[in-house]
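In: sequence-free structure coming up:
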């Protein structure tokens, strides 16, 4: 019997905070989860929490768990948060882009259906650039180049967004979606980057 596993809500919400809502939600990574690799450039502790700042990035520590990265959330004191599930991550190359596939760690233990979040990123030294994909230009891009595509979904934002919203999702990451990911124009019209710093904080168990 096919084992269908769910992605933890706690994990998804925390990743959204961590990456400043830069994610693309994915209902099923399909065969591409198994094609992912471990990017050791992501190892370390990222983000920080300062109660005086309004826009904080929930800190995480990323380690190599062998077949995937292990993502553990920390509190402001550097201790592991007991109220948040740990995550797993694998890197996927698509054209000139690098993406991080993330899911709750429990979802990869012999599950056939792995759902989670997808982020475009680039590591430069002790900085990681995470890219948000604007949905309005993606609507036109899909309509023009892939009018029959059903697995890659982009929705127009509200007028308040001024065409800068990110409402993009993937039903199943198949060969067609993979091709689209590799062909998205690398321009400010489609992408905006945020920067997260690496820190050498120790993890308290």
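Out: Sure thing, it's come through. Fair warning: this is a prediction, and the values are worked out from it, not measured in the lab.
In: secondary structure class for residue 180?
Out: Using DSSP: H, G, I helix; E, B strand; the rest coil as the criterion, the local structure at residue 180 reads helix.
In: got it, and residue 156?
Out: Strictly by three-state DSSP, residue 156 counts as coil.
In: contacting residues for it?
Out: Counting by C-beta atoms under 8 Å, 6 or more residues apart in numbering, residue 156 touches 135, 136, 139, 167. For glycine as for every other residue, the C-beta is placed from the backbone atoms N, C-alpha and C.
In: Just the pLDDT at residue 125, thanks.
Out: At residue 125 the predicted local confidence, pLDDT, stands at 89.
In: That one: neighbour count?
Out: 8 (other C-beta atoms under 10 Å).
In: who are the neighbours in contact with residue 63?
Out: Contact partners of residue 63, counting by C-beta under 8 Å, 6+ apart, are 43, 69, 70, 72.
In: Return the set of buried residues in stretch 144-155.
Out: Judged by neighbour count (16 or more other C-beta atoms under 10 Å), stretch 144-155 contains these buried residues: 146, 151, 152, 153, 154.
In: can those go into TSV with extra columns for pLDDT, secondary structure and distance to residue 172?
Out: Converted to TSV, the buried residues of stretch 144-155 look like this (pLDDT from 0 to 100; DSSP: H, G, I helix; E, B strand; the rest coil; distance: C-beta to C-beta, whole Å):
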residue	pLDDT	secondary structure	distance to residue 172
146	97	coil	15
151	96	coil	5
152	96	strand	10
153	94	strand	11
154	92	strand	16
